[in-house]
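Peer 1: Quick one, what's the 3D model for this:
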Amino acid sequence: MKINIPNLLTWLRILLIPVFVTAFYLSDSTLSPHLKNLIATGVFILAAATDWLDGYLARRLNQSSAFGAFLDPVADKLMVAAALILLVKLGRADAIIAFIIIGREITISALREWMAKVGESKSTAVSMLGKIKTTFQMLSITLLLYNEQLMGIDCQLIGYWLLYIAALLTLWSMGYYLMMAMQRLKEI
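Peer 2: Residues are numbered from 1 along each chain as shown. Next up is the predicted model:
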C-alpha cells in the first residue's frame, strides 16, 4: 500500500464512521439530542469533503494508486451505508429507500469488479448521472442527520424528499450502468 495524502484522507473517512455512529449511541444525559445531530452532521460533512479532496489531490499531486482507487469507493459506500442504517434506526428514513441505495451500491460494485475482470472497466466508469445521484444522496443524508430547523428551513422534510429523489436517481443510474455493461458484453 502506498502511503500518500489521498490514501490517508480515505483512511480518515473510514475511521470517522465509528465516531459518527457513536454520537447517536451516547445517552441523552451524556450528549444532548441537538449535539448528537450536530456532531453527526459535522462528521458526515467532513467525510464528504475528504471524499472530494482525496480525489482532487490524487489527480493534482499525481498520487493516484491502485489501492486508493480500490479503497476510495469502499470508504464512500461504508459511510453512506452506516448513515442510512442509522437514519432508519432513528426513524428518519424508510428502510426500503436505504435498501434501494445500499443494494445498488453493492450491485454496481460487483458489476464494476466483474467488468474489470473481463477487461471492460471503462464501460462502468462513473457517469455524470452517478455524480448527480451522489450529490442528492449526500445532501439528503446531511439534512436528515441534522434533523432540525435551520433558518426557518425544515431540514427533515427537505432531506426526506431529497432522499426519495436520490433513490430514484439510484435506480436510474443502476439501469444505466447495467445497460452499458450489457451493450459492451454484446460487442465482445
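Peer 1: only C-alpha atoms for contact and neighbour calcs from this point on.
Peer 2: Noted.
Peer 1: so how many other residues sit close to Ala116?
Peer 2: 14 (other C-alpha atoms under 10 Å).
Peer 1: Could you confirm it falls within a strand?
Peer 2: No: under DSSP: H, G, I helix; E, B strand; the rest coil, Ala116 falls outside any strand and is assigned helix.
Peer 1: distance of it from Phe70?
Peer 2: Going from Ala116 to Phe70 by C-alpha to C-alpha, to the nearest Å gives 12 Å.
Peer 1: Centre-most residue in this protein?
Peer 2: Residue closest to the mean C-alpha point of the chain, counted by C-alpha atoms, centre = their mean, is Val80 at 3.9 Å.
Peer 1: and that one, what element?
Peer 2: Using DSSP states H and E, Val80 sits in helix 66-89.
Peer 1: And Ile158, by the same measure?
Peer 2: Element membership for Ile158, per DSSP H and E: helix 155-187.
Peer 1: Report the contact partners of the residue nearest to the centre of the chain.
Peer 2: Neighbour list for Val80: Met138 [criterion: C-alpha atoms under 8 Å, 6 or more residues apart in numbering].
Peer 1: For Ala93, see how far away it is.
Peer 2: Separation of Val80 from Ala93 (C-alpha to C-alpha) stands at 13 Å.
Peer 1: quick revisit: give me the buried positions along the helix holding Val80.
Peer 2: The neighbour-count check on helix 66-89 (16 or more other C-alpha atoms under 10 Å) flags 68, 72, 75-87 as buried.
Peer 1: tally of neighbours for Thr22?
Peer 2: Quick note: Thr22 (other C-alpha under 10 Å) scores 12 neighbours.
Peer 1: just checking, Glu105 touches Asp76?
Peer 2: No: using C-alpha atoms under 8 Å, Glu105 makes no contact with Asp76, being 9.9 Å away.
Peer 1: Identify the residues contacting Ile14.
Peer 2: Ile14 makes contact with Ala75, Leu78, Met79 under the criterion C-alpha under 8 Å, 6+ apart.
Peer 1: Quick one: mean pLDDT for the helix or strand containing it?
Peer 2: Secondary structure from DSSP H and E places Ile14 in helix 5-25. Model confidence over helix 5-25 averages 92 on the pLDDT scale.
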